[in-house]
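In: Need a 3D model of the following:
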Amino acid sequence: MPNYKLTIQYNGRNYSGWQIQQGQSTVQQTIKDIIEMLIRETITLHGSGRTDSGVHALGQVANFSCAQELDLYRFRYSLNNTLPDDISVPKISLVDDNFHSRFDATRRIYFYVICKSKTPFFRELSYFYYSPLNIRYLNELSNFLIGESDYSAFTKHASETENKVCNISSAQWKHTGEFTFFKIEANRFLHGMVRTIVGTLLNFHKEQMPFDALTSLIASKDRTKAGEAVPAKGLFLYKVVY
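Out: Just a heads-up that it's a prediction; the model follows:
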């Protein structure tokens with residue numbers, strides 16, 4: 001059966017995350033229901049990974065197979081015309097039958113947005129943080145995140161994932177105008193991991209803690225030693241790499 005790959009953008013404000021959950025409004029369920037309505041088939045919509053409640057995406061990836069061959073231009077038009085305004089599918093392509101959006105992904109890239117000024121225009125898509133940030137300190141500190149480690153200290157105690165080992169290849173801060181961006185890339189991320197990392201790094205910055213304390217925190221695998229997670233509204237799944 002033809003296998004179709006979707007690149008998806010969404011504002012996560014009104015959803016309980018990506019993954020289908022009984023009794024909850026989710027991005028995956030919304031897209032699945034509309035595709036099934038349009039093509040009149042039952043499908044399985046595979047996502048590259050879950051995003052938490054309130055988290056956004058610029059480059060979420062999903063795939064599904066169906067019995068019919070779709071006119072991609074017409075189907076994408078119909079899909080976007082039917083989806084709610086906070087979800088869009090900018091790209092659809094026919095891919096190999098064996099392609100799987102989750103298992104074939106090699107890296108995921110997220111960024112977190114901080115705004116130093118209170119503004120009504122970006123309050124739903126960024127975290128207002130008024131204190132000045134030393135980007136050099138934050139970048140030097142973030143270097144201690146890079147590598148393959150057990151990142152239990154940055155995920156919830158009750159996380160259903162037994163394997164907490166991730167390989168972080170990049171973690172960088174950048175300041176542009178009123179905004180500060182934190183960008184992180186890894187092969188996989190744990191539940192709530194990015195938001196907890198950002199909260200921890202901001203706490204280190206506030207207290208001007210030594211860099212090696214972050215290494216000790218990671219080695220402890222103790223969530224209680226990490227900082228409070230920052231709000232979901234500033235987090236974006238930027239890209240999935242294959």
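In: Can you check the pLDDT for residue 119?
Out: On pLDDT, residue 119 comes in at 86.
In: could you measure the residue lying closest to it once chain neighbours are set aside against residue 58, distance?
Out: Leaving aside its chain neighbours, residue 119 sits nearest to residue 178 (7.6 Å; criterion: Cβ to Cβ, 6 or more residues apart in numbering). Where you see a C-beta, it was placed from the backbone N, CA and C, and this is true even at glycine. Here residue 178 is placed at a distance of 20 Å from residue 58 (Cβ to Cβ, to the nearest Å).
In: higher neighbour count, those two?
Out: In this view residue 178 and residue 58 are compared by other Cβ atoms under 10 Å, and residue 58 has more residues nearby, 16 against 12.
In: quick one on the thing from earlier: residue 117 is in contact with the residue nearest to residue 119, correct?
Out: Yes: contact criterion Cβ atoms under 8 Å: residue 178 and residue 117 qualify, at 5.1 Å.
In: Would you mind finding the longest helix in the protein?
Out: If you go by DSSP state H, the chain has its longest helix at helix 193-207.
In: Phi first, then psi, for the residue nearest to residue 119.
Out: With angles defined as degrees, to the nearest 10, residue 178 sits at phi -80, psi 0.
In: same check, this time on the one 10 residues further on
Out: With angles defined as degrees, to the nearest 10, residue 188 sits at phi -160, psi 160.
In: where do the strands sit along the protein?
Out: Using DSSP state E, the strands of the chain run over 3-10, 46-47, 56-65, 87-95, 107-115, 127-128, 147-150, 165-176, 179-186, 235-241.
In: Who are the packing partners of the first one?
Out: To tie it back to what came earlier, the one meant is strand 3-10. For strand 3-10, the elements it packs on are helix 27-39, strand 56-65, strand 87-95, judged by 3 or more Cβ pairs under 8 Å, 6 or more residues apart in numbering; DSSP states H and E.
In: what does that strand contact?
Out: The contact list for strand 3-10 (Cβ atoms under 8 Å, 6 or more residues apart in numbering) reads 27, 31, 56-66, 70, 72, 86-99, 101.
In: Surely residue 67 touches residue 40?
Out: No: if you go by Cβ under 8 Å, residue 67 and residue 40 don't touch, sitting 10.1 Å apart.
In: do you know how far the residue of the chain positioned farthest from its centre is from residue 41?
Out: Going by Cα atoms, centre = their mean, the residue of the chain most distant from its centre is residue 68, 31.3 Å out. Noted for residue 68: a distance of 7 Å to residue 41, by Cβ to Cβ.
In: For stretch 174-181, buried residues please.
Out: The neighbour-count check on stretch 174-181 (16 or more other Cβ atoms under 10 Å) flags 180, 181 as buried.
In: Quick one: residues in contact with it.
Out: 111-117, 119, 126, 129, 133, 135, 173, 183.
In: average pLDDT for that stretch?
Out: 95.
In: I'm done for today, thanks for sticking with me.
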